[in-house]
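*Asks:* predicted coordinates and the sequence they were generated for:
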Amino acid sequence: MHRASMSKLIHSRRDFLVHAAKAAALGISGTAALSGVSSFATPLTGAGQTSASDELIPYGAAARSDALVSDLPYRDAIIANCRMIVPESELKWDALRPTRGEFRFEKSDAIVDFGRQNGIAVRGHTLAWYGAMPGWTDEIADRAEAERELVDHIETVVSRYRGQIPSWDVVNEPLAEWPDDEFAFRPSIWARRLGADYLSIALREAALADPDARLVLNEYDVEFKGPRFAARRKALIALLRSLRDRGVPLHAVGLQAHLFADRAIDRDGLQALLAEIKALGLDVLVTELDVIDYTLPGRVSERDAMVAGVAGQFLQAVCDVVRPKAILTWGLSDRYTWVPIYFTRRDGMPNRPLPLDADLRRKPLYDVIDEFRRKPA
Ligand code: 9MR
């Protein structure tokens, strides 16, 4: 079939399925929306035979609005593979709020529109984080001003996308690198001015602005062996309990899963964390999976196999305890990845942390994710 008419067909089917796809992406529906048009979503059983238990875990990726416009093969790969996208930067404070009092929604609107037009659910990232903050927020002088700014931001952004962004990383990376306890937060203007209250203020405001949104606390470095990671797991559990005890709205924990090929996964530690999360009645999402490969051997086939192996160990440990509501990678193709910003290879070869290579071809990591998506409900 000619490429243009094929894409037209897919689009009309997608228009039909927008609502079903969003529901499926939230894990609140038994529909097999989009299976059959998405290569990541090939059903195990034939059309008409899928049941709730056959439903694949939705797969998605962080996406870049500029590349969706400038790079059509990338755009097509996102459409073909993702049931869900998350803007990699477009909803961060520095993108939305270059100056105080100003909100710039052009890029975030573009990505939300892209999702709607293509039947792809959009997750929101992120509302309360230490990173990607515009310089003017350093001037926030006291508690009252911090609360006003945080509440106003969340109210404006979340209510703008009510019904369009069904799941938000409200709080991102709250814990200090090596926390002594659950009150050891990573330094930020929010922690400095509001202390522990910044989390409850942010979560409560997000719930008010969109009562149907799923609210997520997103954290990283909780899956490895070693005392720092054990301290992070302990602090995270204590933090989740204290939010629960205070009646703060929260629905899920996002495990970022920026894995390192040379850091061992602590299967027991991770599974104990997941069991606690489950006992608290919270869902789990894998939100930013990729494998940082800068210390791995240069030979591509060997490297790709090791990357897939680490991701497999992680997903196995997770899926043995919970069924994640979604699995997202932090980018779809090695063409667009944050990894070389911090983890450049000494041999000058490009990093290969993602499911598709820079030419948009599937790698072993793709197949591993595809395998774990089939975990029965
Ligand atoms: O991948 C993102 C990169 O392009 C941005 O420059 C950076 C700062 O906004 O954030 C990166 O994404 C981070 C995410 O927001 C939170 N977890 C870690 C991600 C990788 O650094």
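*Replies:* Perfect, thanks for sending it.

*Asks:* next up, the contacts around the closest residue to the ligand within the stretch 251-377 of the chain.
*Replies:* The ligand sits closest to Trp338 of the stretch 251-377 of the chain, with a gap of 3.2 Å, by Cβ to the nearest ligand atom. In short, each C-beta sits where N, CA and C put it, glycine included. By Cβ atoms under 8 Å, 6 or more residues apart in numbering, the residues touching Trp338 are Glu88, Trp330, Gly331.

*Asks:* burial count for whichever residue of the stretch 1-150 of the chain sits closest to the ligand?
*Replies:* Nearest to the ligand, among the residues of the stretch 1-150 of the chain, is Ala132, at 3.7 Å (Cβ to the nearest ligand atom). Using other Cβ atoms under 10 Å, Ala132 has 14 neighbouring residues.

*Asks:* in contact with it, which residues?
*Replies:* Counting by Cβ under 8 Å, 6+ apart, Ala132 has contacts Ser89, Lys92, Trp93, Asp94, Ala95.

*Asks:* do I have it right that the last one meets Phe105?
*Replies:* Okay, so that is Ala95. No - the criterion here is Cβ atoms under 8 Å, and Ala95 misses it with Phe105 at 9.5 Å.

*Asks:* if we can go back for a sec, so which helix or strand takes in the residue of the stretch 1-150 of the chain closest to the ligand?
*Replies:* For Ala132, there is no host helix or strand (DSSP states H and E).

*Asks:* and the contacts of Trp338 near the ligand, which?
*Replies:* Filtering the contacts of Trp338 for proximity to the ligand by Cβ under 6 Å from any ligand atom leaves Glu88, Trp330.

*Asks:* need the contacts of Trp338 in JSON lines (columns: pLDDT).
*Replies:* Formatted as JSON lines, the contacts of Trp338 follow (pLDDT from 0 to 100):
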{"residue": "Glu88", "pLDDT": "99"}
{"residue": "Trp330", "pLDDT": "99"}
{"residue": "Gly331", "pLDDT": "99"}
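
*Asks:* okay, now the sheet partners of the lengthiest strand in the chain, with direction.
*Replies:* Looking across the chain with DSSP state E, the single longest strand is strand 283-292. Partners of strand 283-292 in the sheet, by DSSP bridges, are strand 252-255 (parallel), strand 258-260 (parallel), strand 327-329 (parallel).

*Asks:* so which of those is nearest Val286?
*Replies:* Proximity to Val286 (Cβ to Cβ) singles out strand 327-329 among these, at 4.5 Å.

*Asks:* what residues does the stretch 101-250 of the chain have near the ligand?
*Replies:* Residues of the stretch 101-250 of the chain lying near the ligand by Cβ under 6 Å from any ligand atom: Gly131, Ala132, Asn172.
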